[in-house]
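> heads up, no residue letters with this:
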C-alpha cells in the first residue's frame, strides 16, 4: 500500500488497481488487519527515520484509513469464508514449502495471510494477488494464485494480459 501513497516504482499500477475504473473491470481489493497494521507501522517508521514529514505521515494515515474503509474490503479477525478446498494450517504450508521460519521473519505472517485470508478464494477464476515481495510471490504461485508485481509490471502490460485471457 505504500506504493499508493508514496511515489515509487509501482505507484501507477497501485493507483489504477484501487480506482473506480478497476472496480468496474471486476477488480476486488481485499486486505487483512495485519496488512493494515503493517502499513501504518511502515508510515510511522518512515516518519521517524526522516523519510517523510509528520504532516505528510498524518495525511497519508488519514487517506489510508479512508481507503481501507471504503475501497478495500477487510475481513476482521477471522477468515472471510470457510476454505473452498483443502484445509491446511500455516505450519503445514510452511513445511510444504520448506520455509525456514526465523531465517525470514515474514514467512509465517505471509503464510498466515494465505491460510486465513486467501484460501477460500482458490476456486475463484483469475485470482491474482498484488505483491512486490518475490519470496511471497513464489509461494503464492506454488499455491495456484496469479501474482502481480507492481514493480515489474506496467498498467498497460496488465491490461493487455487481462484482455488476452478474456479473449480465450
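That came through fine. Because the structure is predicted, anything quoted here is derived from the model rather than measured.

> CA atoms for contacts and neighbours, from now on please.
Fine.

> contacts for stretch 59-74?
5, 18, 28-33, 36, 40, 43 (CA atoms under 8 Å, 6 or more residues apart in numbering).

> which two among these are spaced furthest apart?
Pairwise distances among these were taken by CA to CA; the largest, 24.2 Å, belongs to 28 and 43.

> looking at these two, which one has more neighbours?
Counted by other CA atoms under 10 Å, residue 28 and residue 43 do not tie: residue 43 has more neighbours, with 22 against 14.

> of the contacts of stretch 59-74, select the buried ones using a ChimeraX command.
In ChimeraX syntax, the buried subset of these is picked out as below (16 or more other CA atoms under 10 Å):
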select :5,18,29,31,32,36,40,43
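
> ok, the contacts of stretch 59-74 vs residue 163, which is closest?
residue 28 (17.3 Å).

> doesn't that closest one fall inside a strand?
No: Residue 28 is assigned coil when assessed by DSSP: H, G, I helix; E, B strand; the rest coil, not a strand.

> roughly how far does it sit from residue 46?
28 Å (CA to CA, to the nearest Å).

> ditto for residue 166
With CA to CA as the criterion, residue 166 and residue 46 are 40 Å apart.

> what about those two, which has more around it?
residue 46 (15 against 9).

> so where does the more buried one fall, helix or strand?
helix 33-48 (DSSP states H and E).

> for the protein, what spans make up the helices?
Secondary structure of the chain (DSSP state H): helices at 2-5, 11-17, 20-24, 33-48, 54-70, 90-96, 107-113, 134-142, 155-166.
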